[in-house]
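**Q** what follows is a predicted protein model with its sequence.
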Amino acid sequence: MNALHNTWYVAAIANEVATEGMFHRRILDTSILFYRLADGTAVALHDRCPHRFAPLHLGKRVGDEVQCAYHALRFNADGQCTHSPHGDGTIPPRACVRRFPLVERYGFLWIWMGDAQRADPALIPDYPLLANPVPTAIGRGYMHMAANYELIVDNVMDLSHVDHVHGPLLNTAGKLSPQKPPVTAEGNTVLVRWEWQQHPPMGLFAPLLPDPEGAAEQFVQVQWTAPSNMFLTVGAVQGSKDYEQGLISWDYHLLTPESDTSTHYFFGSLRNFMVESEEFNQMKLKNMIDTFMAEDEPLIAAVQAEMGGAEFWSLKPALLSSDPAPVKARRRLQQLIDDEHAGQSGAALARSAAA
Ligand code: FES
Ligand SMILES: [Fe+2]
């Protein structure tokens, strides 16, 4: 896969991995088994028995260990085989399973698919709003998307599509496409921002503004952080341009490649209005997920199907005024991926020179 390995990806919403039982999901084309130890610690193992390669999630839990369904080898949370009912019980040296670093933060489980020695939790993006949110003002959601993760980054970093794709809830009334939004790239982040006046306001905000039929000042800002995490701030205010006095929605779009052509799409959604209403909380998250699945997903999946396995730049895409942000994100990510490969081949060269 063309993806960064030495980085943290969201693997699951924390409550997808329960105290009992097992959970599994494919990440970067690798099957992963998740479960929780008796003390609550979540662990991630390669979901593949080293004997005849049965998926371990088909087996059963034995306390803090997992027993394979096929010939009953048993593994602890470090992936070491602790029990074999075969022969004299000798455990063959290859009977071990890879364990992946896993950190629980912001209500998500973050996994490191690369070199475990480099898995520093300080490299998880800094998202202070997610650290300690009002419980009724945070929604976390999951969508499966039949498209490469970079196509989804393109979708979020180029919001000019909102003018044309989205219905009443998110409609921006043609105000974004004419703009050449300012873009700032710094380190492993790219920031893009649109501001406009809309009359009547976007459906997400209109019923909650003082004058639902009147004009509103609106903005949306997207911060991309490599490899594929995006933080959106969307706001609307009436009677001034002081957005702090208006309605603000903060939305995290955290993408994890499943394969070259599919993506796990995690949402974290917060707001500064109706913060005490759990009912509104559920409705907002449901509306967002329904909107994405009905309006974004079919188009992005159709793009993926049309592109087949072709590499994006090899198709020589036409570029528009809204494209600097997604292009900068693509270029920065490719640089990081190329550096990772160069580091690996550099290390391999050093090893062969030493041999
Ligand atoms: S495949 Fe797991 S013990 Fe044989
Ligand atoms: Fe969209």
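**A** Perfect, thanks for sending it. Ligands and ions are numbered 1, 2, ... in the order given.
**Q** which parts of the chain sit against ligand 1?
**A** The chain comes close to ligand 1 at residues Cys49, His51, Arg52, Ala54, Cys68, Tyr70, His71, Leu73, as judged by C-beta under 6 Å from any ligand atom. In this view, the C-beta of every residue, glycine as well, is placed from N, C-alpha and C.
**Q** quick one, which of those residues are buried?
**A** Cys49, His51, Ala54, Cys68, Leu73 (16 or more other C-beta atoms under 10 Å).
**Q** show me the two of those that sit farthest apart.
**A** Pairwise distances across those peak at 9.4 Å for Ala54 and Leu73 (criterion: C-beta to C-beta).
**Q** so where do the helices sit in the protein?
**A** 149-157, 162-165, 278-291, 297-307, 324-354 (DSSP state H).
**Q** what's the fourth one packed up against?
**A** The helices and strands touching helix 297-307, judged by 3 or more C-beta pairs under 8 Å, 6 or more residues apart in numbering; DSSP states H and E, are strand 138-145, helix 149-157.
**Q** okay, and the beta partners of Ala42?
**A** Judged by DSSP bridges, the bridge partners of Ala42 are Arg36.
**Q** now do the contacts for it.
**A** Listed by C-beta atoms under 8 Å, 6 or more residues apart in numbering, the contact partners of Ala42 are Ala14, Val17, Phe34, Tyr35, Arg36, Leu102, Glu104, Leu109.
**Q** confidence score at it?
**A** On pLDDT, Ala42 comes in at 98.
**Q** one more: the one 10 residues further on?
**A** Each residue has a pLDDT score; the one for Arg52 is 98.
**Q** leaving out sequence neighbours, find the closest residue to it.
**A** Nearest residue to Arg52, sequence neighbours excluded (C-beta to C-beta, 6 or more residues apart in numbering): Tyr70, at 5.8 Å.
**Q** just Tyr265 next, same as before
**A** Spatially, and ignoring its direct neighbours in sequence, Tyr265 is nearest to Met143 (4.3 Å; C-beta to C-beta, 6+ apart).
**Q** could you chop the chain up by domain?
**A** Segmentation of the chain into domains, based on automatic domain parsing, reads 8-123, 135-336.
**Q** closest one to Ser352 among those?
**A** Relative to Ser352, the nearest member of these by C-beta to C-beta is domain 8-123, separated by 18.5 Å.
**Q** what's the span of the closest one, first residue to last?
**A** One end of domain 8-123 sits 7 Å from the other (C-alpha to C-alpha, to the nearest Å).
**Q** one more: stretch 316-328?
**A** 16 Å.
**Q** picking up where we left off before, now the residue nearest to Arg52: how far from Arg26?
**A** Counting by C-beta to C-beta, to the nearest Å, the separation of Tyr70 from Arg26 is 20 Å.
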